[in-house]
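*Asks:* Fold the following, please.
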Amino acid sequence: MFSTALSRLILKGFIATVAFVSHDVLAQTSEPCNSSDVVFYNGVIYTADDNNWQAEVVAVKNGRITFVGKEVDAAAWHCGAEKRIDLKGSTLFPGFTDSHQHLEGIGKRTRTLSLFGIPTLKQTVAEIKSFAQNVPDGEWVLGRGWIEREWQDEQRFLTAADLDPFTQNKPLFMPRADGVSAVVNSKALALAGVTKNTPDPEGGKFERYDDGTPTGYVLATAMDFFRDILPPESDQYIQDNLKRGMQVNVSQGWTATHDAGMKWREVQQLKQLANNDEMLHRVYIAIPISESDKLFQNGAEKLAGGLFHLNGIKVFIDGTLGSRGAALLAPYSDADHSGFMNRTTKDELMPVLELALKQGFQVMTHVIGDRALYSTLNWYEEAWEALPKAKWKTDDLRWRLEHAQIIPPKQQDRLAQMNIVASMQPSHAIGDLNFAPSRLGYSRLEYAYPWKPLVDKGVVLVGGSDAPVEVGDPRIEFYAAITRSRLNGTQDKGWHPELSLSREDALRMFTLWPAYASFQEDSLGSIEVGKYADFSVFDTNFMTAEPADILKANVVMTVVNGNVVFENLKHH
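*Replies:* This is a model prediction of the structure:
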């Protein structure tokens, strides 16, 4: 079944003033004009359809593609078009999908302190201090995105001691870039009632000094102590964050996203936007396992012509490699432990897996370490074997592993045999590889971020950014997928460039394969007649340009359902 599906996978805007096809040619056609809403022409068009990999003209009617072909065959479509868009040499791709992100967090990032890209610990603390000075006493100092692995002075985790001198009367909560750990100050620790006598919660940890006093660096479920006491957010605030997130996404060129763990309250606000015709791009949604009962009670939903699609459950198993929270089979090379699991225990998970099988929901599980991955695959299989197939709603499960960064060869084979979708983020590799050698040692790097081996084994591999953990930029993700290099083009020992992808597979990783991973390959993912007219247009040809030039590309326009939802007039 799977090999057949995979082989099938592999197998409003700007009106041009200068017509690419002359009036003489249009006048000479003996064919009647074919009615369409818009025709895109005079550019390089990649379809991600192996039977017709490149085209010169695409016509759209009622949000769907009605023609894909060469200019010589397109005269009847030109003359019947209400609007014609001259691409002026730009490159048009099937709509790019970010297969793992957090939409509300992307929007929230635009209105809180962002610590992304700051090169030193000293500057990071200075930015927090400057921001905190404008926060009234008693109110929370909020932000996210700090990442010690990129600091050039000290590469250590932030602590309360770094922040207490200027936040004595202001509680502070700032997640690390991975979103699975955070720094809090002493005021926040006091408000949460966390002391040296507070035990670590299951699936989490308070980093401590030798005497047991918390340092202020907290991991995984320990973050809940502070999330639970943050001031409540209004529905309008959440809805505005969702709208902001969509605006950011379409400006980057994304036409669809898979939201890996959207809270039920956020889902309801997004649903309202869908019902009000305010969706800018498609969102395929999985809700956290902690709220899965609501999904089981209410069922899957598909609204606004597929722009809103609720169909999954997000499970959390281990932490991250950078925080040493990823669950490894062998201890860390730079620590005397092997990470932790049980962000969701097996006892909590198994009943949810059974209901997912009975009701036909997709399961998307956060696993990073090889121990977490091995255990999760065992639990998947155990659930499958425990429930007779006659009680499954469908045997086309397409269950996923999110991140799945450390996959030994035998487990790669299991992914293929079990028809598991691997959802991976190329930018994680080019960032993580700055510290992964010290965390894992060089031998385990041979099967870390193993994109090409997975594709070679027939695993469906989908690409995402995990924004707001990462920037959320398709240029960076595509570049990382084909180079496994830092953004300056450099590599170090252990980066294994042979595990990178071809450009063709990288394109599929962000187009056709995400459509499959969200059960939408019949209507999305490639430029074929009958599919939705979702396009990402750049001024640079990702398939032929020097890798460094991909990073400098500009989004020309983003098209969803044939409508231009973002246009960069400076670059058209």
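*Asks:* can you give me the strands for the stretch 201-350 of the chain?
*Replies:* Under the criterion DSSP state E, counting those that start in this stretch, strands of the stretch 201-350 of the chain are mapped to 204-208, 214-220, 254-260, 282-288, 301-303, 308-316.
*Asks:* Work out the sheet partners of the fourth one and label each with its direction, please.
*Replies:* Yep, that's strand 282-288 we're talking about. Paired with strand 282-288 in the same sheet, following DSSP bridges, are strand 254-260 (parallel), strand 308-316 (parallel).
*Asks:* ok so, going back, can you list the strands of the stretch 201-350 of the chain in a markdown table and add distance to residue 543 and mean pLDDT?
*Replies:* C-beta coordinates here come from the backbone N, C-alpha and C atoms, glycine included. Below are these laid out as a markdown table (distance: least, C-beta to C-beta, whole Å; pLDDT from 0 to 100):
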| stretch | distance to residue 543 | mean pLDDT |
| --- | --- | --- |
| strand 204-208 | 44 | 94 |
| strand 214-220 | 40 | 95 |
| strand 254-260 | 18 | 98 |
| strand 282-288 | 24 | 98 |
| strand 301-303 | 32 | 97 |
| strand 308-316 | 29 | 98 |
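*Asks:* Tell me which of those strands lies nearest to residue 183.
*Replies:* strand 214-220 (5.5 Å; C-beta to C-beta).
*Asks:* residues of that closest one that come out buried?
*Replies:* Of the residues in strand 214-220, 214-220 count as buried by neighbour count, 16 or more other C-beta atoms under 10 Å.
*Asks:* same deal with stretch 285-293?
*Replies:* Within stretch 285-293, the residues that count as buried by 16+ other C-beta under 10 Å are 285-292.
*Asks:* Need the contact partners of that stretch.
*Replies:* 258-264, 267, 270, 294-295, 308-316, 344, 348-349, 352, 355, 362, 364 (C-beta atoms under 8 Å, 6 or more residues apart in numbering).
*Asks:* start to end distance for that stretch?
*Replies:* End-to-end span of stretch 285-293 (C-alpha to C-alpha, to the nearest Å): 15 Å.
*Asks:* re earlier: tabulate the strands of the stretch 201-350 of the chain (a markdown table), appending distance to residue 438.
*Replies:* Compiled in a markdown table, those are given as follows (distance: least, C-beta to C-beta, whole Å):
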| stretch | distance to residue 438 |
| --- | --- |
| strand 204-208 | 18 |
| strand 214-220 | 18 |
| strand 254-260 | 28 |
| strand 282-288 | 32 |
| strand 301-303 | 45 |
| strand 308-316 | 25 |
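*Asks:* Of those, give the one that comes closest to residue 137.
*Replies:* Here strand 214-220 is closest among the strands of the stretch 201-350 of the chain (C-beta to C-beta), at 19.3 Å.
*Asks:* and that closest one, what does it pack onto?
*Replies:* If you count contacts as 3 or more C-beta pairs under 8 Å, 6 or more residues apart in numbering; DSSP states H and E, strand 214-220 packs onto helix 160-163, strand 181-184, helix 186-192, strand 204-208.
*Asks:* right, and those - which one's nearest residue 75?
*Replies:* Closest of those to residue 75 is strand 181-184, at 59.4 Å (criterion: C-beta to C-beta).
*Asks:* Output the contacting helices and strands for the closest one.
*Replies:* Using 3+ C-beta pairs under 8 Å, 6+ apart, strand 181-184 sits against helix 160-163, strand 172-175, strand 214-220.
*Asks:* I'm done for today, thanks for sticking with me.
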